[in-house]
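**Q** give the three-dimensional model of this entry:
(one chain, ligands or ions: 1)
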Amino acid sequence: MRILRAAHLGMCFGVRDAIALALEHADAVPLTILGDLVHNPTVLSALEAKGIAVAQDVAHVETGTVMVTAHGTSGRTLARTRALGLTVVEATCPLVHVAHRAVAALSRDGYHVVIVGQRDHVEVRGLTGDLDRFDVVLDDGDVLALEEHPRIGVAAQTTQALEKVRRLVDLIRQQFPKSEVRFIDTVCKPTKERQSAAIEMARQADVVIVVGGRSSNNTRELVKTCARYCARVHHVETDADVRAEWFDAAEVVGLTAGTSTPDDVVDRVEAQVRECAVRSLVGDERR
Ligand code: SF4
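**A** Numbering: from 1, shown residues only. I've put the predicted structure just below:
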């Protein structure tokens, strides 16, 4: 059995920088992170071990300094947080800032903003938090429920699969032929690289393992993408989730991981897959 790692996989620079910033500030002052810095339980427990608190709401913050996560937040939320007398450290990824600027430009130019993404995701709440009117779509049904506007401006949550985003933009254009529809591609480069590398890998694999947090959007998108090219796809959070029976008669096992998955978690999953391969070889020889 051969293990094929996707050419691009795992933690992106935005998440690495956010974790480094949290650890750096936690050494200097008591720190609370607003929401999950990343959607990965392994990283979150490492931050907790450093004494960093996590609050889902600013009302529950007990430290003088709070950190906005890599997913970013709206200008209104930032202003509200600062008005409470809290010092704000922004770990917002620069590519999320790019998406914020795109949304602001669409709104300023008179477009009705439509975001392709998950309505309740923290990044989408940040992208739409300064708008009075907007829509969020994730599938064809959401697009069919949209109302007509003379100008519609579309941007995407940075971790959506670009192929799906383009398909929904085409559907919006078909549904509103009289509207001027402008699309700004805000899917980030690391997401695109991981998506295309996952396709390349899944095409050659008998089984695919995707490593990442269950609530990580980009990990779930990788699972969906791989499932289009390989019938046996498994999503694991850690090596403990790997099952030996998944690899029966598999010659090539593909491996990829979401942008918030630490390298050591991916390495441990790979080691566990190898271990399963060795065990099945020994089993075959005994039979
Ligand atoms: S997934 Fe993209 S936008 Fe999100 S933190 Fe990583 S690089 Fe930044």
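**Q** just list the residues touching the nearest residue to residue 84 once chain neighbours are set aside, thanks.
**A** Distances taken as CB to CB, 6 or more residues apart in numbering put residue 58 closest to residue 84, at 6.5 Å, once the chain neighbours are dropped. The C-beta positions use only the backbone N, C-alpha and C, and glycine is treated the same way. The contact partners of residue 58, taken as CB atoms under 8 Å, 6 or more residues apart in numbering, are 34, 66, 80, 81, 84, 86.
**Q** mind listing which of these are in strands?
**A** Assignment to strands by DSSP state E places the following of the contacts of residue 58 there: 34, 66.
**Q** surely residue 82 meets residue 88?
**A** Yes - contact criterion CB atoms under 8 Å: residue 82 and residue 88 qualify, at 5.9 Å.
**Q** returning to that earlier point: buried subset of the contacts of residue 58?
**A** 34, 66, 81, 86 (16 or more other CB atoms under 10 Å).
**Q** which among those gets closest to the ligand?
**A** For these, the residue nearest the ligand by CB to the nearest ligand atom is residue 34; the value is 15.6 Å.
**Q** look up which residues are beta-bridged to that closest one.
**A** Counting by DSSP bridges, residue 34 forms beta bridges with residue 55, residue 68.
**Q** so what's it up against?
**A** Counted by CB under 8 Å, 6+ apart, residue 34 has contacts 55, 56, 58, 61, 66, 67, 68, 69, 73, 81.
**Q** what's the nearest residue to the residue in the stretch 1-150 of the chain that the ligand sits nearest to if we skip its chain neighbours?
**A** Here the residue of the stretch 1-150 of the chain nearest the ligand is residue 14; by CB to the nearest ligand atom that distance is 2.5 Å. With sequence-adjacent residues excluded and distances taken as CB to CB, 6+ apart, residue 14 is closest to residue 93, at 3.2 Å.
**Q** is the one you found in contact with residue 73, as I believe?
**A** No - between residue 93 and residue 73 no contact is recorded; they are 11.9 Å apart, counting by CB under 8 Å.
**Q** which residues are in contact with stretch 128-135?
**A** 73-77, 103-104, 107, 112-115, 136, 142, 146.
**Q** in PyMOL, select just the buried ones from those residues.
**A** With 16+ other CB under 10 Å as the criterion, this PyMOL line picks the buried residues out of the contacts of stretch 128-135:
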select buried, resi 73+74+77+103+104+107+112+113+114+115+136+142+146
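**Q** just to be sure, which of the contacts of stretch 128-135 are found in strands?
**A** Secondary structure assignment (DSSP E) places 112, 113, 114, 115, 136 from the contacts of stretch 128-135 within strands.
**Q** where in the stretch 51-200 of the chain is pLDDT low?
**A** When the per-residue scores of the stretch 51-200 of the chain are filtered using pLDDT under 70, no range remains.
**Q** which residues of it lie near the ligand?
**A** Of all the residues in the stretch 51-200 of the chain, those in contact range of the ligand (CB under 6 Å from any ligand atom) are 70, 93, 95, 96, 158, 159, 188, 190, 191.
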